[in-house]
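# fold the following for me, if possible:
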Amino acid sequence: MAMVTLRHMAAALGLALGLLLLPVAGRAADVELGRTTVQSAVNEGISTFVGTRHPLAERSRLLDSLLRRYIDPSMLSASILGRYWGKISPAEQSAFSELFVRYLVTSYVGILGRAEPGTSVRVADGSDLGTKVRVRSSAMLPSQPGDPIPVEWEVATTADGRPVIMDLTAQGVSLIRAMKDDFASVLRSSGGKIEPLMEALQRKIDANEKANAAQAG
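Numbers count the residues shown, from 1 in each chain. A predicted model of the protein is given here:
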């Protein structure tokens with residue numbers, strides 16, 4: 001499976017963290033709540049990973065915990081799989097959601113291990129998109145002085161009222177849209193069966209873990 005690798009997006013994601021999609025119908029957007037949610041995620045991500053040297057296992061645990069506080073794995077998975085989500089069983093939905101969180105952790109934990117001291121993210125204003133909020137921000141890398149990297153976030157509200165980060169767009173490229181297109185191609189080729197996609201994700205997780213372990217020395 002052709003997994004999308006986006007250097008600039010990965011750098012911005014490693015900086016800003018917070019992460020990740022499905023607007024909940026009938027819930028009005030709360031712009032200030034969306035903005036403060038992104039600010040909280042950014043602050044926690046930077047304080048946890050920038051300028052620190054956690055061992056790989058601990059860094060993975062911290063990232064997993066951070067993601068689960070600011071995303072909803074089931075909502076994220078439903079958005080990623082689109083029309084295929086309703087065609088798989090509840091057990092498959094649960095298994096895919098957990099596997100996808102592991103995929104995110106193994107994909108970005110290595111980047112966070114190289115987060116540069118002095119990295120900063122400025123969270124700006126938000127706008128009401130109806131059932132979600134778009135929050136603008138900019139990231140600064142000490143190794144890339146000059147114009148900041150523009151990063152936009154989308155925040156929605158779960159059925160129980162919890163704000164969750166649903167998408168991240170860096171320099172005009174949506175992380176979720178890229179993954180959704182990539183996964184859809186696998187699902188189409190397998191006739192909508194989830195097993196080949198989960199097997200491909202597991203292979204990618206295994207490869208990520210091997211690469212992360214090698215980098216950790």
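
# how about the helices in the protein?
7-16, 31-49, 56-70, 73-81, 90-112, 175-189, 194-216 (DSSP state H).

# counting contacts, what elements does the fifth one pack onto?
Taking 3 or more CB pairs under 8 Å, 6 or more residues apart in numbering; DSSP states H and E as contact, the helices and strands that helix 90-112 lies on are helix 7-16, helix 56-70, helix 73-81, helix 194-216. Where C-beta positions appear, they are placed from N, C-alpha and C, glycine not excepted.

# who touches the closest residue to residue 122 other than its chain neighbours in this structure?
Spatial nearest neighbour of residue 122, chain neighbours left out: residue 138 (5.2 Å); criterion: CB to CB, 6 or more residues apart in numbering. Contact analysis of residue 138 by CB atoms under 8 Å, 6 or more residues apart in numbering lists 121, 122, 124, 148, 149, 150, 151.

# touching, residue 126 and residue 136? I think so.
Yes. Assessed by CB atoms under 8 Å, residue 126 is found in contact with residue 136 at 7.3 Å.

# neighbour-wise, which of the two wins?
residue 126 (24 against 17; other CB atoms under 10 Å).

# and stretch 111-120, what's buried?
Neighbour counts using 16 or more other CB atoms under 10 Å place 111, 112, 113, 115, 119 of stretch 111-120 among the buried residues.

# kindly report the same for stretch 183-192.
For stretch 183-192, by 16+ other CB under 10 Å, it's 183, 184, 186, 187.

# and stretch 68-85, by the same measure?
So for stretch 68-85, counting by 16+ other CB under 10 Å, buried means 70-81, 84-85.

# for that stretch, what is the average pLDDT?
The average pLDDT within stretch 68-85 is 94.

# by mean pLDDT, point me to the weakest helix or strand of the protein.
Least confident helix or strand, the chain: helix 7-16 with a mean of 46, by mean pLDDT, DSSP states H and E.

# from residue 78, how far off is residue 164?
12 Å (CB to CB, to the nearest Å).

# could you do residue 160 as well?
16 Å.

# ok, the residue of the chain positioned farthest from its centre to residue 197 distance?
Relative to the centre of the chain, and counting by CA atoms, centre = their mean, the farthest-placed residue is residue 191 at 26.7 Å. Using CB to CB, residue 191 is found at 12 Å from residue 197.
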